[in-house]
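>>> I would like to see how this sequence folds:
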Amino acid sequence: MRPDARRWYERRTSAAADWPVIALQRAKGTSTVSVVLPALDEEATVGAVVRCVRALADSTGLVDEVVVVDSGSADGTAAAAAAAGARVAYAATVLPALGDRPGKGEVLWKSLAATGGDIVAFLDADLESVQPHYVTGLLGPLLTDPHVALVKGFYERPLAGATEAAGGRVTELVARPLLNLVFPALAGVVQPLSGEYAGRRSLLERLPFVSGYGVETGLLLDTLTLAGLDAIAQVDLGLRRHAHQDHLALGRMAAEIIQVVLARAGSDLALSTALTQFRRGCSGDFEPVTADVVLTERPPIETVPAYADRARAS
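Numbering: from 1, shown residues only. Sure, this is the predicted structure:
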């Protein structure tokens, strides 16, 4: 690891246990905290995640609002979230004049307009291992150090049926090698693609949001550029269990992440957006399946007049 990455790792890495509730309550002051769960067809798990965060909010006062942003679920995700105590916002109705795009990043971008916290923490709605320290760990560096603007969670990710922590395949096979090559200052980031992270609204408002699964990569790289390495911290959250996607879906995710890294690196390569993959068909032969992996982004939300008008009104 490069010396600058090593120094950052030693200075900005902590564990969730390092941030006891009582210390965070003292540090919170007048800061407000929103916890956001982006959700699409997560009826089976979203309720448990919301109940965990809602219980933390009610017992400690560390969380001011819990919001599930539904991006068009066909199941009972919204009802389960509401029954568990979350406020439900629908991505299609947030900033409606700007339309609605598919993708996780779109939901996270719109969540800034659906919430009001000075600090916004994101948790995936498919978590099967959520504990209160997922939230307190992410809040710790932000509530206690004004120089920290973005906190990434990291953890072990067991793969169902595996004998070791074999999750995070896109991280280990694509994101980490690529970031080490192109942005080596980030070599100390354990989980660059983590879906559990938190940031100051004052930072998030100034960042573009990639609309799809490249959103975490884009936010990390743009924070590095805008605020510097020392504005980023990471916290060990222990263990993460969640549903895993098949290898074709992971391939599409990897293709988008590669596009994000190359775009942030200023690459002038003429990139194809067509990703051809193969799967065995009914005939027994491998058949090509081509997906169009197009990188789309939303601009920094502070530049959107409708958001600025909302902020002034509040």
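>>> continuing past the strand or helix carrying Ala57, what's the next helix or strand?
If you go by DSSP states H and E, Ala57 is part of helix 43-60. Per DSSP H and E, helix 43-60 leads on to strand 65-70 as the next helix or strand towards the C-terminus.
>>> could you spell out the sheet neighbours of that following strand, each with its direction?
Counting by DSSP bridges, the strands paired with strand 65-70 are strand 33-39 (parallel), strand 87-90 (parallel).
>>> pLDDT averaged over that strand, what's the number?
On average, the pLDDT along strand 65-70 is 98.
>>> what's the angle from that strand to helix 43-60?
Here the directions of strand 65-70 and helix 43-60 differ by 170 degrees (axes from the mean of the first three to the mean of the last three CA atoms, to 10 degrees).
>>> buried stuff in strand 65-70?
Glu65, Val66, Val67, Val68, Val69, Asp70 (16 or more other CB atoms under 10 Å). From N, CA and C alone the C-beta is placed, and that goes for glycine too.
>>> mind putting those in CSV, distance to Gly47 included?
Below are the buried residues of strand 65-70 laid out as CSV (distance: CB to CB, whole Å):
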residue, distance to Gly47
Glu65, 17
Val66, 12
Val67, 15
Val68, 10
Val69, 16
Asp70, 13
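>>> and these, which two are the farthest apart?
Glu65 and Asp70 (15.7 Å; CB to CB).
>>> one step back: I'd like to know which of the strands paired with strand 65-70 lies nearest to Ile22.
Nearest of those (CB to CB): strand 33-39, 16.2 Å.
>>> most packed of the strands paired with strand 65-70?
strand 33-39 (a mean of 27; mean count of other CB atoms under 10 Å).
>>> tell me how far stretch 232-244 is from the chain's mean position?
Its chain's C-alpha centre and that of stretch 232-244 lie 11 Å apart, by CA atoms, centre = their mean, to the nearest Å.
>>> CA atoms of it as CSV?
Only the C-alpha atoms of stretch 232-244 are listed here, as CSV (Å, rounded to 0.1, in the frame of the first residue of the first chain):
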residue,chain,number,x,y,z
ILE,A,232,-13.4,10.1,3.9
ALA,A,233,-13.5,7.6,6.8
GLN,A,234,-14.5,3.9,7.1
VAL,A,235,-16.0,1.8,9.9
ASP,A,236,-15.9,-1.9,10.5
LEU,A,237,-19.6,-3.0,10.8
GLY,A,238,-18.7,-6.7,11.4
LEU,A,239,-20.8,-9.1,9.2
ARG,A,240,-23.2,-8.4,6.4
ARG,A,241,-25.7,-11.0,5.1
HIS,A,242,-27.9,-10.3,2.1
ALA,A,243,-29.2,-11.8,-1.1
HIS,A,244,-26.6,-12.4,-3.8
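>>> could you list the buried residues of it?
Buried-residue list, stretch 232-244, by 16+ other CB under 10 Å: Ile232, Ala233, Gln234, Val235, Asp236, Leu237, Gly238, Arg240, Arg241, His242, His244.
>>> save those as a markdown table, and put in distance to Ala79, pLDDT and secondary structure too.
Listed next are the buried residues of stretch 232-244 as a markdown table, based on distance: CB to CB, whole Å; pLDDT from 0 to 100; DSSP: H, G, I helix; E, B strand; the rest coil:
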| residue | distance to Ala79 | pLDDT | secondary structure |
| --- | --- | --- | --- |
| Ile232 | 37 | 98 | strand |
| Ala233 | 36 | 98 | strand |
| Gln234 | 35 | 98 | strand |
| Val235 | 32 | 98 | strand |
| Asp236 | 34 | 97 | strand |
| Leu237 | 28 | 96 | strand |
| Gly238 | 30 | 93 | strand |
| Arg240 | 26 | 84 | coil |
| Arg241 | 24 | 74 | coil |
| His242 | 21 | 49 | strand |
| His244 | 26 | 56 | coil |
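>>> in JSON lines, list those along with distance to Glu302.
JSON lines is the format used below for these (distance: CB to CB, whole Å):
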{"residue": "Ile232", "distance to Glu302": "20"}
{"residue": "Ala233", "distance to Glu302": "23"}
{"residue": "Gln234", "distance to Glu302": "26"}
{"residue": "Val235", "distance to Glu302": "27"}
{"residue": "Asp236", "distance to Glu302": "32"}
{"residue": "Leu237", "distance to Glu302": "29"}
{"residue": "Gly238", "distance to Glu302": "34"}
{"residue": "Arg240", "distance to Glu302": "31"}
{"residue": "Arg241", "distance to Glu302": "36"}
{"residue": "His242", "distance to Glu302": "32"}
{"residue": "His244", "distance to Glu302": "36"}
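>>> coming back round to it: and the contacts of the helix holding Ala57?
Applying CB atoms under 8 Å, 6 or more residues apart in numbering, the contact partners of helix 43-60 are 21, 24-25, 35, 37, 39, 62-64, 66, 68, 73, 75-77, 79-81, 83-86, 123, 125-128, 130-132, 134-136, 242-243.
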